[in-house]
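next input, structure requested:
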Amino acid sequence: MTDELSTPIYSAAHPFGMVGQSAAHQQLLLQLRRIGPHFRTVLLRGERGTGKDLAARALHVLGAGLHAPFLKYAEENRCTDDERSHPAGLFETTAGGTLYLDEVGDLTLDLQAELLKTIQKWDAPRYRLNKPRLVASTSVDLKTHATNGLFRQDLYLRLAMIEIALPPLRTRAEDVVPLAEHFVMRTSDALGIAPPLFDGSAIERLQQHAWPGNVRELETVVSNAVARCTRGTLLAEDFDLLSNAASPDANTRVRLDDVVRRHVRAVLQECAGNKLRAAEMLGISRSTLYRMLDAETMAAVSH
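Residues are numbered from 1 along each chain as shown. This next block holds a predicted model:
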């Protein structure tokens, strides 16, 4: 669990560490500023890698304040028997601050019931004054999940009182280059090197990519390119994590699952077999990656 803010919260150019100049990005910042000081519960909806963590931290700073407790409850924290990792303990830990429920749609039905019970308990007058603000995030259609019985309807209604949609990077084309430049500077600072410049071919390649993994994928691709760059300029060839197979020759028919399979293998190799890191880079959940790998194994056996 995360109990501190490790991401830069504010700079004049990038409020809350969020980079962008597109209309969609500016609208998101406007929503956060309008809702942040007053919210009690917010649901952040968007594809994986769109920046829901940063939005949650922004809401925390605008609402509870920078120095109030902030806790991110993510997938890796849900398999422990530690009482502090269950809803009752989480609420106690973040009293007066913000509890961030990452990918709330992945909660088991048992944890959903426990969470709802805890929310109801903290509605009582004796707890209400210190009740933590709740920010939940989801990359699935939680309303449909609730309708289909995959998520508790009563819990969904409690979490979705205010809903903020985060736009995918493919709808923010003008933000790709500013984001890439931001990640170049951040990676270069961390490595203690002079930041390389973008060659025109590199910018063109970044702009042509669809970014299914959104900002997180862009960060990973750029950070890897900077770390391996041995010259002062980044070229198109430095971004070999972007699948060439996504743009096949006009005379070649490529199956989509073959393209995905090759891309997953390339990312796994780049991450030295670390499945959690590979899933983060691909912008998918770890369970989805496991299913893809199982499917690939079955396909190999059947040939």
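
what's around Glu237, how many residues?
For Glu237, the count of nearby residues is 11 (other CB atoms under 10 Å). C-beta coordinates here come from the backbone N, C-alpha and C atoms, glycine included.

can you check Arg33 too?
Neighbours of Arg33 (other CB under 10 Å): 14.

now it. Nearest residue, chain neighbours left out?
Computed as CB to CB, 6 or more residues apart in numbering, the closest residue to Arg33 that is not its neighbour in sequence is Leu62, at 6.6 Å.

over to Val226?
Distance criterion CB to CB, 6+ apart; nearest residue to Val226, sequence neighbours excluded, is Thr187 at 4.3 Å.

ok, back up a step: can you check the pLDDT for the residue nearest to Arg33?
Listed pLDDT for Leu62 reads 96.

what's the host helix or strand of it packed up against?
If you go by DSSP states H and E, Leu62 is part of helix 52-63. With contacts taken as 3 or more CB pairs under 8 Å, 6 or more residues apart in numbering; DSSP states H and E, helix 52-63 sits against helix 23-35, strand 41-45, strand 70-73, strand 98-101, strand 133-138.

was I right about the residue nearest to Arg33 contacting Leu29?
No: in this structure, Leu62 is not within contact of Leu29 by CB atoms under 8 Å, at 10.8 Å.

more neighbours: which of those two?
Taking other CB under 10 Å, Leu62 and Leu29 do not tie; Leu62 has more neighbours (18 against 15).

list the contacts for that one?
Under the criterion of CB atoms under 8 Å, 6 or more residues apart in numbering, the neighbours of Leu62 are 32-33, 36-37.

any of the residues you listed buried? List them.
The neighbour-count test (16 or more other CB atoms under 10 Å) applied to the contacts of Leu62 identifies 32, 36 as buried.

what's the offset of the helix holding Leu62 from the middle of its chain?
In terms of CA atoms, centre = their mean, to the nearest Å, the centre of helix 52-63 is found 13 Å from the chain centre.

buried sites along that helix?
Within helix 52-63, the residues scored as buried using 16+ other CB under 10 Å are 52-63.

same check, this time on stretch 142-159
Those would be 142-143, 145-146, 151-152, 155-156, 158-159, for stretch 142-159 by 16+ other CB under 10 Å.

which of those residues sits closest to Leu206?
Leu142 (31.7 Å; CB to CB).

before we move on, the earlier item: kindly export the helix holding Leu62 (C-alpha atoms) in CSV.
Written as CSV, here are the backbone C-alpha positions of helix 52-63 (Å, rounded to 0.1, in the frame of the first residue of the first chain):
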residue,chain,number,x,y,z
LYS,A,52,-6.2,7.6,-12.7
ASP,A,53,-3.6,7.5,-9.9
LEU,A,54,-2.6,11.1,-10.6
ALA,A,55,-6.2,12.2,-10.7
ALA,A,56,-6.8,10.5,-7.3
ARG,A,57,-3.8,12.3,-5.8
ALA,A,58,-5.0,15.6,-7.2
LEU,A,59,-8.4,15.1,-5.6
HIS,A,60,-6.8,14.2,-2.3
VAL,A,61,-4.6,17.4,-2.3
LEU,A,62,-7.6,19.6,-3.3
GLY,A,63,-9.8,18.0,-0.7
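
does the residue nearest to Val226 sit in a helix, a strand or a coil?
helix (DSSP: H, G, I helix; E, B strand; the rest coil).

how close does Thr171 sit to Val177?
To Val177, Thr171 is 15 Å away according to CB to CB, to the nearest Å.

who's more crowded, these two?
Val177 (14 against 11).

now do the same contact list for the more buried one.
Applying CB under 8 Å, 6+ apart to Val177 gives the contacts 198, 203, 206-207.

rewinding a little: make a markdown table out of the buried residues of stretch 142-159 and add pLDDT, secondary structure and distance to Glu270.
Formatted as a markdown table, the buried residues of stretch 142-159 follow (pLDDT from 0 to 100; DSSP: H, G, I helix; E, B strand; the rest coil; distance: CB to CB, whole Å):
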| residue | pLDDT | secondary structure | distance to Glu270 |
| --- | --- | --- | --- |
| Leu142 | 95 | helix | 32 |
| Lys143 | 95 | helix | 36 |
| His145 | 94 | helix | 32 |
| Ala146 | 95 | helix | 37 |
| Phe151 | 96 | coil | 34 |
| Arg152 | 97 | coil | 38 |
| Leu155 | 98 | helix | 38 |
| Tyr156 | 98 | helix | 37 |
| Arg158 | 97 | helix | 40 |
| Leu159 | 97 | helix | 36 |
